[in-house]
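Peer 1: Predicted model and sequence follow; I will ask about them next.
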Amino acid sequence: MSIHLGAKPGAIAPTVLLPGDPLRAKYIAENFLENAVCYNEVRGMLGYTGTYQGQAVSVQGTGMGIPSISIYIHELMESYGVQQLIRVGSCGAMREEVKVRDVIIALSASTDSSFNQLRFKGLDFAPTAHFDLVKKAYESATSKGSIVHVGSVFTTDTFYNEDPEVTQRLAAYQTLAVEMETSALYTLAAKFNRKALSILTVSDHLITGEETTAAERETTFRDMIDIALETAIRV
Ligand SMILES: O=P(O)(O)O[C@H]1O[C@H](CO)[C@@H](O)[C@H]1O
Ligand SMILES: O=c1cc[nH]c(=O)[nH]1
């Protein structure tokens, strides 16, 4: 057990999928894994371990934002020895060529968080995905005919942003989408020398204002989850 996870030693698989929403963790466990068992209910942040094509895979809710995901991934790596962390999240598209319902493989993440500014005393660390997982995710996506965008994302601390200027500038610098966790995931995975990747589905569009319904999100998330699970077991 760790402070925020009630799992027994050995109850969490070496590869963990990480949705922000704990109910998405439940949905993935019930619809994509076999023989899934719930190992965590502390704070309602549900976590499950099951199998996918015979291999053990866990799925753990992280909550929203850097402080929340940082707690869970720190404990997953330090207390449970997790080796591969694959975020399966939603995001807002920042560029015209990225459409609602598209899937993004996040190579790197800029951020407006002070998380790394404090850690590196003002130096700009470059949070980066692990190439092995990027390659496997891209191969998994293309082998099943999914179109994916591969590029940088923006991890923000502020969902309801009042000033669009920075977001627009980041978009002009080819940033594909905004979400709230990837920068911390890549930073902490580097610290622990583990593999991490964020795969994101576009749930809304910052330029067009288009949004998905809850039902549509469930179907389109299916693509992202398939890609993540194929990536998890790919050799
Ligand atoms: O769908 P999830 O994984 O929660 O990700 C996105 O959705 C939340 C905001 O609504 C933030 O956590 C953001 O990163
Ligand atoms: O963090 C997020 C997630 C989805 N859509 C956004 O605009 N921001």
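Peer 2: Cool, got the structure. Ligands and ions are numbered 1, 2, ... in the order given.
Peer 1: From here on, just use CA atoms for contacts and neighbour counts.
Peer 2: OK.
Peer 1: Up against ligand 1, what does the chain have?
Peer 2: Applying C-alpha under 6 Å from any ligand atom, one finds that the chain approaches ligand 1 through Pro19, Gly20, Asp21, Met64, Gly65, Gly89, Ser90, Cys91, Glu179, Met180, Glu181.
Peer 1: quick one, what contacts the third one?
Peer 2: Read that as Asp21. Gly61, Thr62, Gly63, Met64 (C-alpha atoms under 8 Å, 6 or more residues apart in numbering).
Peer 1: just the residues you listed now: which is nearest ligand 2?
Peer 2: Of all those, ligand 2 sits closest to Met64, with 8.4 Å by C-alpha to the nearest ligand atom.
Peer 1: how about the nearest residue to that closest one, chain neighbours excluded?
Peer 2: Gly20 (5.6 Å; C-alpha to C-alpha, 6 or more residues apart in numbering).
Peer 1: residues contacting the one you found?
Peer 2: Gly61, Thr62, Gly63, Met64, Ile69, Val88, Gly89.
Peer 1: Who are the contact partners of the nearest residue to the first one once chain neighbours are set aside?
Peer 2: So the one you mean is Gly61. Spatial nearest neighbour of Gly61, chain neighbours left out: Pro22 (4.2 Å); criterion: C-alpha to C-alpha, 6+ apart. The contact partners of Pro22, taken as C-alpha under 8 Å, 6+ apart, are Gly44, Met45, Leu46, Gly47, Gln60, Gly61, Thr62, Gly63.
Peer 1: Determine which two of these are furthest apart.
Peer 2: Based on C-alpha to C-alpha, the longest span within these runs between Gly47 and Gly63 and measures 11.7 Å.
Peer 1: Give me the more crowded residue out of those two.
Peer 2: Gly47 (29 against 21; other C-alpha atoms under 10 Å).
Peer 1: how near is that one to ligand 2?
Peer 2: Distance, Gly47 to ligand 2, using C-alpha to the nearest ligand atom, to the nearest Å: 21 Å.
Peer 1: Show me the beta-bridge partners of that residue.
Peer 2: With DSSP bridges applied, Gly47 shows beta-bridge pairing to Asn40, Gln60.
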